[in-house]
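Asks: how would this look folded up:
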Amino acid sequence: MPEYPGDEVILALLKTGNTGDAFEFIFKKYYRLMWTKAYLGTSDAVAADDLVQLVLTGMWEKKLYRNINGCLKSYLLTAVRNQVNDYHKVKQRALKKIEKYAETVSHSESNILKERELEDRWSAQEQLHRQLHELLQELPAQRQRAFTLVYMQQKKYHEVADNMGISINSLKTHLKMAVKTLRNKLHPPVSE
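Replies: Numbering: from 1, shown residues only. Below you'll find the predicted structure:
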């Protein structure tokens with residue numbers, strides 16, 4: 001296993017402006033540890049990659065390394081833990097929205113949901129979540145990204161539009177088309 005400089009040296013590189021080398025050392029020295037912590041918290045390899053990337057990019061873009069006075073390893077692992085907590089909060093909000101939508105649809109069709117046990121309700125929500133995820137994969141890349149960022153990750157319209165390099169009106173169009181497609185595929189219109 002290669003030897004990397006200690007945390008003090010890496011922090012000194014960061015604070016003196018040699019961020020490229022410092023981040024390369026951070027990545028090589030701590031990426032696996034950070035990813036493992038994120039994976040253990042999410043049980044999702046892709047989410048773990050995303051969360052570690054959020055920590056590192058946030059640290060780079062916001063120059064958060066200027067505030068690190070203690071152990072770099074502790075800082076990074078705490079940041080990953082915080083990202084995992086935020087991931088679960090977003091996931092819970094998405095599940096609640098899906099649950100609310102499932103309840104609305106089920107209520108309009110009949111009162112089946114009220115008659116089922118809590119276990120059946122959870123199973124239906126999980127199935128809808130899986131189905132929604134599969135249908136999202138079928139959407140064009142721009143619509144999928146717009147839907148995911150706005151509705152699943154709770155990003156603001158202007159943030160998403162800037163991130164995607166499109167206008168807010170274009171973003172709204174992508175969202176409208178994505179919701180319409182998902183709604184039609186989840187509940188196709190009844191033809192007589």
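
Asks: out of everything not next to it in sequence, what's closest to the spatially most central residue of the chain?
Replies: Residue closest to the average C-alpha location in the chain (Cα atoms, centre = their mean): residue 153, at 5.5 Å. Nearest non-adjacent residue to residue 153, counting by Cβ to Cβ, 6 or more residues apart in numbering: residue 90, 5.8 Å away. Bear in mind the C-beta positions are built from the backbone N, C-alpha and C, glycine included.

Asks: that neighbour and residue 155, how far apart?
Replies: 10 Å (Cβ to Cβ, to the nearest Å).

Asks: higher neighbour count, those two?
Replies: The residue with more neighbours, out of residue 90 and residue 155, is residue 155; 17 against 14, by other Cβ atoms under 10 Å.

Asks: contacting residues for the more buried one?
Replies: 149, 163 (Cβ atoms under 8 Å, 6 or more residues apart in numbering).

Asks: for it, helix, strand, or coil?
Replies: What DSSP: H, G, I helix; E, B strand; the rest coil gives for residue 155 is coil.

Asks: got phi/psi on it?
Replies: phi -80, psi 150 (degrees, to the nearest 10).

Asks: how far away is it from residue 138?
Replies: Applying Cβ to Cβ to residue 155 and residue 138 gives a distance of 22 Å.

Asks: and if you look at residue 171?
Replies: Residue 171 is 20 Å from residue 138, by Cβ to Cβ.

Asks: can you pull out the low-pLDDT segments for this structure?
Replies: 1-2, 7, 64-65, 105-118, 121, 124, 189-192 (pLDDT under 70).

Asks: same thing but 80
Replies: 1-15, 17-23, 26, 59-70, 101-125, 128-129, 132, 186-192 (pLDDT under 80).

Asks: for it, what spans make up the helices?
Replies: Assigned by DSSP state H, the helices in the chain fall at 7-15, 19-42, 45-61, 72-109, 112-115, 118-138, 141-147, 157-164, 168-186.
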